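Engineer: What follows is a predicted structure for the sequence shown.
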Amino acid sequence: MTMDLADLAAELGIRRALYRYCRGVDRGDAAMIASAYHDDADENHGAFHGTGREFAEHLVPLMDKAPENSGHHVTNVLIDRQGEEANVEAYFIAFHAQDDGGRAFMTGRYLDRFACRGGEWKIVRREVVIDSDSPATRSMDLSAYPRGGRREADPSHGWIK
C-alpha cells in the first residue's frame, strides 16, 4: 500500500486530533476536548449522546470529582481515508482513579468518522466500544457501551477496509 502526501497529511491531522482529545480529558480542558470535533459532531459515549462540545462540557466536571488524574492512551490507529473523509479505529487504554484509591482500567476503541473541513481533520461521529475492563470498573455503569467481539460480532465489522 503506497501513501501519498495527502494520505500522510490526513494521518497526521487525525492523530493530532486524537491526541488533543486524550490530553484534554486527562488535563480537564473542555476546549481542547472540543477541538477534536467539528461543531456538528455526533458523540456516542455510553449513555451520553450529543455534540463533541456538549460531551466536553459534560465530562470535565465528572472527571474533576476523581481523586486523581486519569490516563487515556491511544495505541493502534487504523485509517481508511476516502478523499476528505475517513473511517478511523483507534484503540485506547484508560485508567480512572477511584474514590478508594484504586484504578479502574479499561481498553476499547474509538470508532470515528473524520472529515477534513477548512483544512482540519476532526471527528464528525464517534462511537466508543469497550473491549475489556478491570474489576474496579464495576462501580461504573458501562451497560450503555457496546462491547467488542470477534469478526461479525464486533461493532467495527466492516468499518476499516
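Structural biologist: Ah, there it is.

Engineer: what residues are up against the residue positioned nearest the centre of the chain?
Structural biologist: Centroid-nearest residue in the chain, with Cα atoms, centre = their mean: Tyr110, separated by 4.2 Å. By Cβ atoms under 8 Å, 6 or more residues apart in numbering, the contact set of Tyr110 is Leu18, Val74, Val88, Glu89, Ala90, Phe92, Arg126, Glu127, Val128, Val129. C-beta here means a position set from N, CA and C on the backbone, and glycine is covered the same way.

Engineer: ok, those vs Met32, which is closest?
Structural biologist: For the contacts of Tyr110, the minimum distance to Met32 (Cβ to Cβ) is 12.0 Å, reached by Leu18.

Engineer: what's the model's confidence in the helix ranked longest in the chain, averaged?
Structural biologist: Longest helix of the chain, by residue count under DSSP state H: helix 5-27. Per-residue pLDDT over helix 5-27 has a mean of 95.

Engineer: from the chain's centre, how far out does it sit?
Structural biologist: When distances are taken as Cα atoms, centre = their mean, to the nearest Å, helix 5-27 is centred 11 Å away from the chain's centroid.

Engineer: could you measure Glu68 against Thr75, distance?
Structural biologist: Distance of Glu68 to Thr75, computed by Cβ to Cβ, to the nearest Å: 22 Å.
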